[in-house]
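> sequence first, predicted coordinates after that:
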Amino acid sequence: MRALTTVPLPSSIAGQLADLAVQVLIDESDLSPKPGLVDRRSNGAHTDLNLGLMHSSAYALRQTFQDMAEAASAAKDLDQSLRETLGQLGRKGESVMLENTGGVNTHRGAIWALGLLTAAAAFKPEHCSPAEVAHRAALLARLPDRFAPKAQNSHGLRACARYGLPGAREQAQAGFPAVVRHGLPQLLKSRTEGSGEQNARLDALIAIMAVLPDTCVLHRAGLEGLDALQQGAQVVLVQGGSATLAGRRALRQLDDALLRLNASPGGAADLLAATLFLDRLEFRLHRSAILWKP
């Protein structure tokens, strides 16, 4: 006789991926204390954002991520046609986001990063290690989108042009190195050292902040803000990370510095969500909705 164990999951891989994308956005928003960012303590350096708005925006984007995953699952190749479909769906998702938030940009960068990763995972769900998914996402990001707006109308693109530094587009085209080489290794290292899950996630965020030319910070505070972000983050890691007393003091000092500069590292926050997505991906896709045991 067999025992039937049920594990509630969406009925499709696209649904599973969409749920995961939304969940990591919620987890990123809730993580505290995040320097300069909206979290459970405060609105960070923002006057137009709060935790409830971040949650509402994340839930509103579920259909966008599912549509992207379904498009990639049905595609025969990682080609320009798929890239342009994803671009169209992403722009539609931005409209949904802005309608939901009253015009506030909560997750534009996350739509780009998680949209690519969701599609890359859906294209070959049987090969979903972080390196494989990031590589396929990079291949998609490098393809042209003939229908993308020509004008550089985002804060991030204008910051890239002004300071001559790479932004979210280049990060994706390179295979998300801030995630694969820094965020994920730090997350796993801190877990192994017994830091606890919340501290491990904070350390992953800080590791990303230490290397990322965050265009959200550049837009708000220029190179002074970027230097404060990267140097302050490096100090947190040198002091042992967020699980240590010295690391927590450095984390508070970084938060104070960013608030004085009105700088919010939204790019790093988006890539923390990408880190959490890749971290959970294999487990999420490989477990079965119904497990039969003899």
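Received, thanks.
> where does the residue lying closest to residue 20 once chain neighbours are set aside land in three-state SS?
What sits nearest to residue 20 in space, not counting adjacent residues and going by C-beta to C-beta, 6 or more residues apart in numbering, is residue 284, at 5.4 Å. Just so you know, the C-beta spots here come from the backbone N, C-alpha and C atoms, and that holds for glycine as well. The three-state assignment at residue 284 reads helix, by DSSP: H, G, I helix; E, B strand; the rest coil.
> from residue 135, how far out is residue 21?
According to C-beta to C-beta, to the nearest Å, residue 21 and residue 135 sit 19 Å apart.
> count the neighbours of the residue nearest to residue 20 for me.
Neighbour count for residue 284, taken as other C-beta atoms under 10 Å: 19.
> so it touches residue 23, yeah?
No - Residue 284 is not in contact with residue 23 according to C-beta atoms under 8 Å; the separation is 9.3 Å.
> now the host helix or strand of residue 98 - C-alpha only, PDB.
In this assignment (DSSP states H and E), residue 98 forms part of helix 80-101. The C-alpha atoms that make up helix 80-101 are tabulated as PDB, following Å, rounded to 0.1, in the frame of the first residue of the first chain:
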ATOM      1  CA  GLN A  80      15.200  37.600 -31.400                       C
ATOM      2  CA  SER A  81      11.500  36.700 -31.600                       C
ATOM      3  CA  LEU A  82      11.500  35.500 -28.000                       C
ATOM      4  CA  ARG A  83      13.500  38.500 -26.900                       C
ATOM      5  CA  GLU A  84      11.000  40.900 -28.500                       C
ATOM      6  CA  THR A  85       8.100  39.000 -27.000                       C
ATOM      7  CA  LEU A  86       9.700  39.300 -23.500                       C
ATOM      8  CA  GLY A  87      10.300  43.000 -24.100                       C
ATOM      9  CA  GLN A  88       6.700  43.500 -25.000                       C
ATOM     10  CA  LEU A  89       5.500  41.600 -22.000                       C
ATOM     11  CA  GLY A  90       8.000  43.500 -19.800                       C
ATOM     12  CA  ARG A  91       6.700  46.900 -21.000                       C
ATOM     13  CA  LYS A  92       3.100  45.700 -20.400                       C
ATOM     14  CA  GLY A  93       4.200  44.600 -16.900                       C
ATOM     15  CA  GLU A  94       5.600  48.100 -16.300                       C
ATOM     16  CA  SER A  95       2.300  49.600 -17.200                       C
ATOM     17  CA  VAL A  96       0.500  47.300 -14.800                       C
ATOM     18  CA  MET A  97       3.000  48.200 -12.100                       C
ATOM     19  CA  LEU A  98       2.600  52.000 -12.600                       C
ATOM     20  CA  GLU A  99      -1.200  51.700 -12.600                       C
ATOM     21  CA  ASN A 100      -1.000  49.700  -9.400                       C
ATOM     22  CA  THR A 101       1.300  52.200  -7.700                       C
END
